[in-house]
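J.: After the sequence you'll find the predicted model.
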Amino acid sequence: MTEQQHPEQTQSKNLVEIRAPGRLHLGFIDMHGGLGRSFGSLGLCLDDIYTYLTARPSRDVIIHGPSGQRASIFAGRILQHLGIKQGIEISIVESIPEHAGLGSGTQLSLAVGTAIAALYDKPISLHEIAILMGRGARSGIGIGAFLYGGFLVDGGRGSETEVPPVISRLPFPESWRLLLILDSARQGMHGISETRAFSELPPMPEDQSAYLCRLTLMQLLPALAEGNCELFGSSITEIQSHVGDHFAPAQGGRYYSRRVAGVLPWLSERGATGIGQSSWGPTGFALFPNETKAYQALKGAREQWQYEPSLSFKVCRARNQKADISAEDVAGGRQYLINK
């Protein structure tokens, strides 16, 4: 028995590593709810924004790196739920920016829960982990990004829904690129303020929700399936304009950050086929049909806004794969993939 092992609990793995991808939340399509389901989300898994952590057995809960307090809370929940007597030592090597609209909380919670369950060979589904961690209250996109990758649509919440189900998953074209606009001076709405904002917003008019659902089914998804970047981008922009205006009373305008709001139209004039804000922001995004155009826009944006210290820009690819999960076996040090 090693110094870190507990006499009542052993593990079959020395190390678990997880790379959990960030995501863009591209809007809700039914804020009316007249058919018995509400919300319904659109989202895209990102390859260049992610949380990467390693986990080892320990007597106590020890967290290194950014987002440590949140990770400690998540670890405590899963350890107690699974009846594990030991702790965990987690090193967060890379983290998704918190409260930026990129899915940091969901990906961290799923990564921590999955790592602990894998380390101690405890059977638990990602669905159960998500519920335990309080994820998926309105959107299933972050959970879908961890499970599947790609472009995702979830079916919203009904009266019996625990986690909104992913009802469509399409691969995103490898050549398309996203230019992200980040504003470090602002944090997107979250926690109690987010809950209050949703409770105070009026229902979306029924005809508007019907239009967004039709636009998704009969224009957005077919354009993506056929690789039509112009039509897909214009559909995203149209959906974003309706959703942003609906949320404007809560976030002070179509976009949460006025700095980001100033950049997006400029990017449209320079070849972006679609623009918008991820979740509550402040992160904005612009879609380009290829890497060359995206980097040309990146260079121009950095020059144009060089005196706005809170703004930063990043070109990203979409990710069409699920989270990466690997482990080191105690017996032979063998590396293998879990759930692949």
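T.: On my side now, so go ahead.
J.: Check what contacts stretch 195-206 and list those residues.
T.: Asp30, Met31, His32, Gly33, Gly34, Arg138, Met189, His246, Phe247, Pro249, Ala250, Gln251 (CB atoms under 8 Å, 6 or more residues apart in numbering). C-beta: built from backbone N, CA, C; applies to glycine.
J.: quick one: buried residues of that stretch?
T.: Using 16 or more other CB atoms under 10 Å as the test for burial, stretch 195-206 gives Met204.
J.: Enumerate every residue touching Ile90.
T.: Taking CB under 8 Å, 6+ apart as the test, what Ile90 contacts is Leu53, Thr54, Ala55, Ile62, Ile63, His64, Gly65, Ala71, Ala75, Val112, Ala115.
J.: typo on my end, Gly156
T.: Phe28, Asp30, Arg37, Ser38, Phe39, Gly40, Ser41, Pro164.
J.: For the stretch 101-250 of the chain, which segments are assigned as strands?
T.: Using DSSP state E, counting those that start in this stretch, the strands of the stretch 101-250 of the chain run over 151-154, 166-170, 177-183.
J.: could I get these as CSV with distance to Tyr307 and mean neighbour count?
T.: Below are these laid out as CSV (distance: least, CB to CB, whole Å; neighbours: other CB atoms under 10 Å):
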stretch, distance to Tyr307, mean neighbour count
strand 151-154, 35, 27
strand 166-170, 40, 16
strand 177-183, 14, 24
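J.: among these, which is nearest Ser91?
T.: strand 177-183 (24.5 Å; CB to CB).
J.: Which neighbours in the sheet does that closest one have, and how are they oriented?
T.: Looking at strand 177-183 with DSSP bridges, its partner strands are strand 284-288 (antiparallel), strand 311-316 (antiparallel).
J.: What residues of the last one count as buried?
T.: Meaning strand 311-316. Leu311, Phe313, Val315, Cys316.
J.: Quick check: nearest residue in space to the last one, chain neighbours excluded?
T.: It stands for Cys316. Using CB to CB, 6 or more residues apart in numbering and skipping the chain neighbours, the partner closest in space to Cys316 is Asp48 (4.2 Å).
J.: so that neighbour sits in a helix?
T.: No. The assignment for Asp48, made by DSSP: H, G, I helix; E, B strand; the rest coil, is strand rather than a helix.
J.: In terms of secondary structure, what does the longest helix seen in the chain contact?
T.: Longest helix in the chain by number of residues, with DSSP state H as the criterion: helix 229-251. Helices and strands touching helix 229-251, by 3 or more CB pairs under 8 Å, 6 or more residues apart in numbering; DSSP states H and E, are strand 13-30, helix 191-200, helix 206-215, helix 221-225, strand 274-277, strand 284-288.
J.: The helix or strand just after that helix to strand 177-183, inter-axis angle?
T.: Later in the chain than helix 229-251, the nearest helix or strand by DSSP states H and E is helix 258-268. Going by axes from the mean of the first three to the mean of the last three CA atoms, to 10 degrees, helix 258-268 is angled at 160 degrees with respect to strand 177-183.
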